[in-house]
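*Asks:* need a structure here:
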Amino acid sequence: ENPNLQSMLKKIGQEITHLFNLLNEMEQELHQQEKQKHMLEELQKCVERQLNEAQHLRENIPRHLPKPTQSCIIGLTVQCGEQTKAVEPECTKRPMKEPRAIKEVPLITVEEFNEVP
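*Replies:* Predicted coordinates:
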């Protein structure tokens, strides 16, 4: 009917298509951010679990493990909400192992070795 109305309707149709495409892009971005959020939450849980395990191990060090050396302790610090303080080693000596007796084996010659069946 009127060329102005047809051109206006055409522009409105193009704008609606453009808005629809933008809406689809925003939805995809939203889904991607939700995935990232979920992955970060899982990562946070994993880190918290590992932190709890590390604290438990630190508090309950097995006796069979060797004590830390002085050079290792220099770098270690404890942060428990209070002041940061250096960890002091427990000075305990290990009992000396008894020396084992080494059995002497008689030597044989090449000829004797070749005679062995």
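*Asks:* Please make it C-alpha for all contacts and neighbour counts, starting now.
*Replies:* Will do.
*Asks:* Name the residue closest to the centre of this structure, please.
*Replies:* residue 47 (7.1 Å; C-alpha atoms, centre = their mean).
*Asks:* name the element that one belongs to?
*Replies:* Element membership for residue 47, per DSSP states H and E: helix 3-59.
*Asks:* re the thing from before, pLDDT score for the residue nearest to the centre of the chain?
*Replies:* Looking at residue 47, its pLDDT is 97.
*Asks:* Same check on the one 10 residues further on?
*Replies:* In this prediction, residue 57 carries a pLDDT score of 87.
*Asks:* and it, how many neighbours?
*Replies:* 11 (other C-alpha atoms under 10 Å).
*Asks:* do residue 59 as well
*Replies:* For residue 59, the count of nearby residues is 9 (other C-alpha under 10 Å).
*Asks:* Tell me how far it lies from residue 52.
*Replies:* 11 Å (C-alpha to C-alpha, to the nearest Å).
*Asks:* what's the answer for residue 65, then?
*Replies:* Counting by C-alpha to C-alpha - residue 65 and residue 52 are separated by 20 Å.
*Asks:* more crowded one of the two?
*Replies:* A count of neighbours by other C-alpha under 10 Å puts residue 52 above the other of residue 65 and residue 52, at 12 against 7.
*Asks:* Distance check, that one against residue 111.
*Replies:* Separation of residue 52 from residue 111 (C-alpha to C-alpha): 66 Å.
*Asks:* Residue 56 too?
*Replies:* Distance, residue 56 to residue 111, by C-alpha to C-alpha: 63 Å.
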